[in-house]
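Student: Using only what follows, build the 3D model:
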Amino acid sequence: MVKSHLPAEAANKQQRLAGKVAVVTGSGAGIGKACALMFARQGATVVGADIDPATIEATVADAKALGLMMLGHAPCDMTKPDDVKKLFDFVVERCGGVDIVLNAAATAVFKPIEELTYEDWRATLAGELDSVFLACKAAWPHLIARGGGSIVNFASANAYLALEGSPALAHCAGKGGILAMTRQLALEGGPHNIRANTISPGMTVTAATSPVIEIPGFLDNVFAHAILKRVGQPEDIAWAATFLASDESSWITAADFSVDGGATAL
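Tutor: Modelled structure (predicted):
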């Protein structure tokens, strides 16, 4: 697999998020971790949240080793209102406010409809929709108090196309819901200068996707829908998230950015 992204040194030379406070959920691994570290490299004070204390401790340790400012809050189940409230109370108490909310935390069950139970369906919708709703609702008054801010949510290429070999019925429904939810958040946030956008990643290498990627023939199906014949790396997504979190995108809201190697163009 080809890795292609700008080196960390490039981010370290920039300060595109200087002075901002960013909350990054699901920052214990994968795309969430890459975004948290990228935001910190770009000068933000980052508060990372995860349901697994061990993973968030590892991310914070990685940030500190790089001389970056990051705090961790765990365990935090983003589907539980009390946990989410405690997260944002912690952020405001320690950092004084919130400027950026990036919702990377998600859980999903991948099964074909014959095997997908109602409990699997509900768990996926909670893990992909409730987690975003609760974070945005808790952050909303704090974003208003700061005179606005940026919300970055994650949809998926799966919200646009079906991928053979990927039994993603509940996941597709959840990510389609994220697209619609984020457009409405942008509308309601406009008067407060709160921007809300989505990123729709294509197949990206993470701990969660690695077992699927290793299935013989699976990548053939992925590349059949791609212009750039490689899988994504978490940093590919983090660069796009940095742009949407920064003031460079101050006139962009209710938009979806496909970061998928051109998969949804074919």
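
Student: tell me which residues of stretch 18-37 are tucked away?
Tutor: 20-37 (16 or more other CB atoms under 10 Å). No exception for glycine: its C-beta is placed from N, CA and C like everyone else's.

Student: Among those residues, which are located in strands?
Tutor: In strands, judged by DSSP state E, the following of the buried residues of stretch 18-37 are found: 21-25.

Student: Turn those residues into JSON lines, including pLDDT and distance to Asp82.
Tutor: Rendered in JSON lines, the data for those read as follows (pLDDT from 0 to 100; distance: CB to CB, whole Å):
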{"residue": "Val21", "pLDDT": "98", "distance to Asp82": "22"}
{"residue": "Ala22", "pLDDT": "98", "distance to Asp82": "22"}
{"residue": "Val23", "pLDDT": "98", "distance to Asp82": "17"}
{"residue": "Val24", "pLDDT": "98", "distance to Asp82": "20"}
{"residue": "Thr25", "pLDDT": "98", "distance to Asp82": "15"}
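
Student: Would you map the helices across the stretch 51-200 of the chain?
Tutor: In chain order, the stretch 51-200 of the chain shows helices spanning 53-65, 81-95, 118-125, 131-145, 169-189, with DSSP state H, counting those that start in this stretch as the criterion.

Student: And these: which comes nearest Ala104?
Tutor: If you check each of the helices of the stretch 51-200 of the chain against Ala104 by CB to CB, helix 131-145 wins as the nearest, at 9.5 Å.

Student: how much space between the residue nearest the centre of the chain and Lys13?
Tutor: Closest to where the C-alpha atoms of the chain average out (CA atoms, centre = their mean) is Ala104, at 2.8 Å. The gap separating Ala104 from Lys13 is 25 Å, by CB to CB, to the nearest Å.

Student: now swap in Val205 and tell me
Tutor: Relative to Lys13, Val205 is positioned 26 Å away (criterion: CB to CB).

Student: for Ile213, same thing?
Tutor: Note on Ile213: its distance to Lys13, by CB to CB, is 32 Å.

Student: Next: Leu71.
Tutor: As for Leu71, its distance to Lys13 is 24 Å (criterion: CB to CB).

Student: between the two, which one's more packed in?
Tutor: Under the neighbour definition other CB atoms under 10 Å, Leu71 and Lys13 were set side by side, and Leu71 has more, 18 against 8.

Student: Looking at the more buried one now. What's its pLDDT?
Tutor: For Leu71, the model assigns a pLDDT of 98.

Student: do the same with Ala162
Tutor: The score at Ala162 is 86. That number is its pLDDT.

Student: What of the one 4 residues further on?
Tutor: Per-residue confidence at Ser166 stands at 83 (pLDDT).

Student: my guess is it meets Cys172, correct?
Tutor: No: Ser166 is beyond contact range of Cys172, at 9.1 Å (criterion: CB atoms under 8 Å).

Student: any shared contact partners between these two?
Tutor: When contacts are counted by CB atoms under 8 Å, 6 or more residues apart in numbering, Ser166 and Cys172 have Asn158 as shared neighbours.

Student: that older thread, what confidence value was assigned to the closest residue in space to the residue nearest to the centre of the chain that isn't next to it in sequence?
Tutor: Of all residues beyond its chain neighbours, the one nearest Ala104 is Gly32 (3.3 Å), with distances taken as CB to CB, 6 or more residues apart in numbering. Confidence per residue is given as pLDDT, and for Gly32 that number is 98.
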